[in-house]
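*Asks:* Just to be clear, the model below is a prediction. Sequence and coordinates:
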Protein chains: 2
Amino acid sequence: MENNVITIHTKLISLLGDPLGQTFAPRMFNETFHRLGLDYLYFPIEVGNENLETIVKAIRCMHYVGFNVTKPNKIKILEYLDELDGLAEKIGSVNVVTVRDGVLKGYNTDGIGFVQSLLDETKMDLGEQTFLILGAGGASRAVSSTLAFRGAKKIYIVDSFEKASSTLAEDINHKIRPCAEYIEFSRPDIPELIKTSTVLINATGLGMYPDTEATPVEKKNLYRELFVCDLTYNPPRTRLLRDAEEVGCAVMNGIGMVVNQGIKGFALMTGEEEPNEIMNKVMQEIIGGKM
Amino acid sequence: MENNVITIHTKLISLLGDPLGQTFAPRMFNETFHRLGLDYLYFPIEVGNENLETIVKAIRCMHYVGFNVTKPNKIKILEYLDELDGLAEKIGSVNVVTVRDGVLKGYNTDGIGFVQSLLDETKMDLGEQTFLILGAGGASRAVSSTLAFRGAKKIYIVDSFEKASSTLAEDINHKIRPCAEYIEFSRPDIPELIKTSTVLINATGLGMYPDTEATPVEKKNLYRELFVCDLTYNPPRTRLLRDAEEVGCAVMNGIGMVVNQGIKGFALMTGEEEPNEIMNKVMQEIIGGKM
């Protein structure tokens, strides 16, 4: 009967974005709170840039310990915060905000979530890797900035929208470390660049449900020693990952990234330890349709 | 696992007041939603006059169907509403606000809750009753105004704070019906007024926990045919009600008023039918400590 014991002591967390019809963050968080016996309530607020300030002002008057931010508010939210974590500042966007004694501090755990799951999976030394990341949107920005921040040897950013991607490469080189290079998607030598890379990351969304036959890289350009990642988790095996497995590559989808960014955000907002085991289990149950 | 399935479709209701440490409204509402299988979430927001506007502005951007208002916001809230129900306007305070298509409309169900429970209990004709109400605060104002609105023959308002109580009597006489009379608490003929009254209502809070031996009327001034009400429900039998029972009076405490105002508010905010049976049962369980 936990849903009936909401009191003034119940600590609040929300997700601020629009649309939120597909999010499972409330289930992931509330079920974790339930299993840990913690008195928190997580609920979504469907809000865009226009009313974001109004909601943040109210959050400051309520019993919040933090909130998550997603599209289209990850950049806009910067205007309403009191403090910014170093990595979030370098990335230029925020997905987690902590509320402590009236101070709102922004973090970005999107990239950390990916890097954590990459290291869990492969134990690789980032300083020895050459990354080729496809796409230059928000997810790519968080992941490539965090890889640079954590010491990646080289990062090729491949995209067809020149301005966004070259800006991203410049931002990384100037604000973090000079390790990024923008590559125009139509360049004929991309197959050769893939051959010089050790990790390929699809951050374009190509292959995501419902367009599950789309892929950003032809199968013939993959090679067995390449580690292939897709930030998508729906479907769990995209066309790219299926092709890569057929070639003999080790692969990783986006589930670990999502769970790990949730775990990091959970710890930041609540001040509790990272609920690694429980949140992974809950996520498996949600993905597996058991909840 | 109902506490985990909060989504963007979940409709929100809050209670706005301060302090809210003693409120059981969230339990009463959430348990009723649970038993009816309705996708609503009720949670308290501890807020006073200062930040009330900030919260109301946010409520307008969120998935709210309404909210309850309690001390110290029942009058202040009038500044932020779009529409006002007739009775709430006459009482001059609001405890329920509905949100429909961006329009905030205020109601006052405090008095209706009492009158409903009085009629359920006694089937009396209000037009034949002379009420003597002790106290002239917010609860007295709601109850006596509603009694006047519903046709009470005569209402004596007895209080020692002359201004508040005479103002209340004047407001009733001018805005509703000329049936109220202010009586100064120290007047020596109060025992005679009690003898001419048919219903006595204690709205002073005297006798409420922890000061359970206090009472506003000496036992010797009660008579067997008087119907004696106490708006308190903690303890369920105040000193006044125990004295009255010993004299042979029929008595009524404040539980019915609280449940009935909850039922009316529930129906107004959700648009569902009045959950009379369920909410009465839930309230009995809460009071009985079974939840």
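*Replies:* That came through, no problem.
*Asks:* contacts, neighbours, all on C-alpha from now
*Replies:* Noted.
*Asks:* Within range of chain B, give me the residues from the stretch 151-291 of chain A.
*Replies:* Counting by Cα under 8 Å from any Cα of the partner chain, the stretch 151-291 of chain A comes close to chain B at no residue.
*Asks:* what comes into contact with stretch A:180-197?
*Replies:* The contact list for stretch A:180-197 (Cα atoms under 8 Å, 6 or more residues apart in numbering or on different chains) reads A:129-132, A:148, A:154-160, A:162, A:165-166, A:169-170, A:172-173, A:200, A:221-223, A:226.
*Asks:* what comes up buried for stretch A:274-290?
*Replies:* Residues of stretch A:274-290 classed as buried: A:274-275, A:278-280, A:282-284 (neighbour count, 16 or more other Cα atoms under 10 Å in any protein chain shown).
*Asks:* Can I get it in CSV? Just the C-alpha atoms.
*Replies:* Provided in CSV are the C-alpha atoms of stretch A:274-290 (Å, rounded to 0.1, in the frame of the first residue of the first chain):
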residue,chain,number,x,y,z
GLU,A,274,24.5,3.8,-6.5
PRO,A,275,21.8,1.1,-6.7
ASN,A,276,23.7,-0.8,-9.4
GLU,A,277,22.2,-4.3,-8.9
ILE,A,278,18.6,-3.2,-8.2
MET,A,279,18.3,-0.7,-11.0
ASN,A,280,19.8,-3.1,-13.6
LYS,A,281,17.4,-5.8,-12.5
VAL,A,282,14.4,-3.4,-12.6
MET,A,283,15.4,-2.3,-16.1
GLN,A,284,15.7,-5.9,-17.3
GLU,A,285,12.2,-6.5,-16.0
ILE,A,286,10.8,-3.4,-17.7
ILE,A,287,12.5,-4.2,-21.0
GLY,A,288,11.4,-7.8,-20.7
GLY,A,289,7.8,-6.7,-20.2
LYS,A,290,7.6,-8.3,-16.7
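*Asks:* tell me the mean pLDDT over it?
*Replies:* Mean per-residue pLDDT for stretch A:274-290: 90.
*Asks:* Stretch A:245-264 too?
*Replies:* For stretch A:245-264, the mean pLDDT works out to 95.
*Asks:* what distance separates that stretch from the centre of its chain?
*Replies:* Distance of stretch A:245-264 from the chain centroid (Cα atoms, centre = their mean, to the nearest Å) equals 11 Å.
*Asks:* got the end-to-end distance for it?
*Replies:* In stretch A:245-264, first residue to last residue: 30 Å (Cα to Cα, to the nearest Å).
*Asks:* Equivalent analysis for stretch A:232-248, please.
*Replies:* One end of stretch A:232-248 sits 20 Å from the other (Cα to Cα).
*Asks:* And the residue of the stretch 101-250 of chain A closest to chain B?
*Replies:* Nearest residue of the stretch 101-250 of chain A to chain B: A:Gly102, at 14.0 Å (Cα to the nearest Cα).
*Asks:* Output the helix or strand where A:Leu15 lies as CSV, restricted to C-alpha atoms.
*Replies:* Assignment of secondary structure by DSSP states H and E places A:Leu15 within strand A:11-17. C-alpha atoms of strand A:11-17 as CSV (Å, rounded to 0.1, in the frame of the first residue of the first chain):
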residue,chain,number,x,y,z
LYS,A,11,10.9,13.6,-1.3
LEU,A,12,10.0,14.5,-4.8
ILE,A,13,11.9,14.0,-8.1
SER,A,14,10.4,14.7,-11.6
LEU,A,15,11.3,14.4,-15.2
LEU,A,16,10.9,17.6,-17.2
GLY,A,17,10.5,17.1,-20.9
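*Asks:* same question for that strand, mean pLDDT?
*Replies:* On average, strand A:11-17 scores 98.
*Asks:* what comes into contact with that strand?
*Replies:* By Cα under 8 Å, 6+ apart, the list of residues contacting strand A:11-17 from outside reads A:25-26, A:39-48, A:52, A:63-73.
*Asks:* Filter those residues down to the buried ones and express that as a ChimeraX selection.
*Replies:* The buried subset of those, as determined by 16+ other Cα under 10 Å, is captured in ChimeraX by this line:
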select /A:25,26,39,40,41,42,43,44,45,46,47,48,52,63,64,65,66,67,68,69,70,71,73
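*Asks:* Filter the contacts of strand A:11-17 to keep only those in contact with chain B.
*Replies:* For chain B, the contacts drawn from the contacts of strand A:11-17 by Cα under 8 Å from any Cα are A:26, A:42-47, A:63.
*Asks:* can you redo the residues you listed as CSV with pLDDT and secondary structure?
*Replies:* Converted to CSV, those look like this (pLDDT from 0 to 100; DSSP: H, G, I helix; E, B strand; the rest coil):
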residue, pLDDT, secondary structure
A:Pro26, 95, helix
A:Tyr42, 97, strand
A:Phe43, 97, strand
A:Pro44, 97, strand
A:Ile45, 98, strand
A:Glu46, 97, strand
A:Val47, 98, coil
A:His63, 97, coil
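*Asks:* hmm, back to that, sheet-wise, list the partners of the strand holding A:Leu15 with their directions.
*Replies:* Here strand A:11-17 is paired, per DSSP bridges, with strand A:40-46 (parallel), strand A:64-69 (parallel).
*Asks:* what does the last one rub up against?
*Replies:* Outside strand A:64-69, the residues within contact range by Cα under 8 Å, 6+ apart are A:11-17, A:77, A:94-100, A:104, A:265, A:269-270.
*Asks:* after it, next one along is what?
*Replies:* Note on strand A:64-69: by DSSP H and E, the next helix or strand toward the C-terminus is strand A:83-84.
*Asks:* buried residues in the next helix-or-strand element following that following strand?
*Replies:* Sequence order places helix A:86-91 as the next helix or strand after strand A:83-84, per DSSP H and E. Under the neighbour-count criterion of 16+ other Cα under 10 Å, helix A:86-91 has A:87-91 buried.
*Asks:* Between these, which sits nearest chain B?
*Replies:* Nearest to chain B among the buried residues of helix A:86-91, with distances taken as Cα to the nearest Cα, is A:Ala88, at 26.4 Å.
*Asks:* shouldn't the closest one be in contact with A:Asn108?
*Replies:* Yes - counting by Cα atoms under 8 Å, A:Asn108 is a contact partner of A:Ala88 at 4.8 Å.
*Asks:* list residues touching both of these two?
*Replies:* Contact criterion Cα under 8 Å, 6+ apart; residues shared by A:Ala88 and A:Asn108: A:Val94.
*Asks:* Tell me the helix or strand right after the helix or strand hosting A:Phe114.
*Replies:* Secondary structure from DSSP H and E places A:Phe114 in helix A:110-122. Next helix or strand after helix A:110-122 toward the C-terminus (DSSP H and E): strand A:130-134.
*Asks:* what about that following strand, distance to the chain center?
*Replies:* That offset, for strand A:130-134, works out to 16 Å (Cα atoms, centre = their mean).
*Asks:* try stretch A:121-131
*Replies:* With Cα atoms, centre = their mean, you get 18 Å for stretch A:121-131.
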